[in-house]
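[1] Show me the folded form of this:
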Amino acid sequence: MPAMNNIQTCLVFLARLYLSLHAPFDRRMKIGTIDLGEQPVLLAPMEDVTNAPFRLLCKEFGADMVTTEFVSSDALIRAVDKTQAKLTISDAERPVAIQIYGRDVDSMVEAARICEAARPDVIDLNFGCPVKKVAGKGAGSGMLRNVPLMLAITRAVVNAVKLPVTVKTRLGWDHDSRIIVELAEQLQDCGIAALAIHGRTRSQMYTGDADWTLIGEVKNNPRMSIPIIGNGDVTSPEIARRQFDRYGVDAIMVGRASIGAPWIFGDIKQYMATGEILPLSVSEKMNVLRRQLRESVARLDERRGILHIRRHLAATPLFKGIPHFRETRIAMLRAEHLDELYPILDRVEELLLSSAE
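    A predicted model of the protein is given here:
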């Protein structure tokens, strides 16, 4: 039987090789009928990060697809206001995915149907979130310890909605159970339209370096036919180019490197097209952050909008290396009103400009 499997694998590989040599070469990535172009760069879903104003900025800078914050299936079914608000999307974001998580087949199916009514382009299943309050309860990457349930949820959601369904997951639960190569085939058999893989296990959380070797194995598995999206430590245009070239993935997904720096999508796209980067000026980047602040406040309210922007201000690479910045940083992250925060941002811009002279 193993010999027969090897023969079948070789035949599939040879058939695909023949087709690739005798058919027009199309490198455009598609999720269902959604054409994302060649080597697209996607915004990863991130809780308390990828709200509508941030998604729109990333889209404007070149993100080929964006995804909402995590949507809890249980909270969505209970009609929790904060969760329902995450379903609000705009045509300017398209193509946009709504990502849901949960640990029960029926609730995930019902949540997927509610999401479908919000008219996203894609429904994404979160089997990758490693945080304790999600994974510890069996949802997110907790599903990596219950693969039969993960597959049952995936199959049921695919059959329940008309939209393309995608999955985002990790290499496995820990180093000794890196099951992604086999799992990818099983998820494909459930009918998903694309698979995003973060190159860490759940046990790693976000520590250590992302390992793309298994992502490459999944992509090069001759039995895989759906697009494979690589995720993890894509922090620069050069790394983005390298991961495409080295591992052959259909798309890459940028997560933490975009926090406080939505312009990274423009840098990546420009570098991949021309081999050069023409970065925004300090003042242009500061104006992007101010715009994000204004739009977050307009979308939420002053208190919640400022709370949301704090994470971006704390993470932005723009502020790294400013000398004697500690007191200004503390004041910036403690500001509770716009009339406090705007003057601080003005001072930060002055510091940046003076340090660049």
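
[2] Tell me which residues are up against the helix or strand residue 294 falls within.
    Using DSSP states H and E, the element containing residue 294 is helix 282-299. The contact list for helix 282-299 (CB atoms under 8 Å, 6 or more residues apart in numbering) reads 51-54, 56-57, 260-263, 280, 304-306, 308-309, 312-313, 316, 318, 338, 341-342, 345, 348-349, 352-353, 356. Where you see a C-beta, it was placed from the backbone N, CA and C, and this is true even at glycine.

[3] Which of those fall in helices?
    Members of the contacts of helix 282-299 lying in helices (criterion: DSSP state H): 52-54, 56-57, 304-306, 308-309, 312-313, 338, 341-342, 345, 348-349, 352-353, 356.

[4] Drop anything exposed from those.
    52-54, 56-57, 305-306, 308-309, 312-313, 341, 345, 348-349, 352 (16 or more other CB atoms under 10 Å).

[5] of these, closest to residue 100?
    Nearest to residue 100 among those: residue 52, at 17.1 Å, using CB to CB.

[6] give the contact list for the closest one.
    88, 89, 90, 93, 299.

[7] And the fourth one, how far from residue 121?
    Taking CB to CB, to the nearest Å as the criterion, residue 93 is separated from residue 121 by 9 Å.

[8] So those two - more neighbours on which side?
    residue 93 (22 against 19; other CB atoms under 10 Å).

[9] For that one, give me the pLDDT.
    Looking at residue 93, its pLDDT is 95.

[10] And for residue 300?
    89.

[11] number of nearby residues for it?
    The number of residues packed near residue 300 is 18, by other CB under 10 Å.

[12] possible to save the contacts of residue 52 as a markdown table with secondary structure and distance to residue 242?
    Below are the contacts of residue 52 laid out as a markdown table (DSSP: H, G, I helix; E, B strand; the rest coil; distance: CB to CB, whole Å):
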| residue | secondary structure | distance to residue 242 |
| --- | --- | --- |
| 88 | coil | 36 |
| 89 | coil | 32 |
| 90 | coil | 33 |
| 93 | helix | 28 |
| 299 | helix | 36 |
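
[13] gap between the helix holding residue 294 and the chain center?
    Centroid separation for helix 282-299 versus its chain: 21 Å, with CA atoms, centre = their mean, to the nearest Å.

[14] Check stretch 100-115 too.
    20 Å.

[15] cool, and stretch 198-218?
    Averaging C-alpha positions (CA atoms, centre = their mean) puts stretch 198-218 14 Å from its chain's average.

[16] got any ranges where this protein has weak pLDDT?
    1-26, 356-357 (pLDDT under 70).

[17] how's it carved up into domains?
    Domain assignment for the chain by automatic domain parsing gives 24-274, 282-356.

[18] From what I see, residue 214 and residue 180 are in contact.
    Yes: Residue 214 lies in contact with residue 180 (CB atoms under 8 Å); the separation is 5.3 Å.

[19] so what sits against both of the two?
    The contact sets of residue 214 and residue 180 overlap at 171, 197 (CB under 8 Å, 6+ apart).
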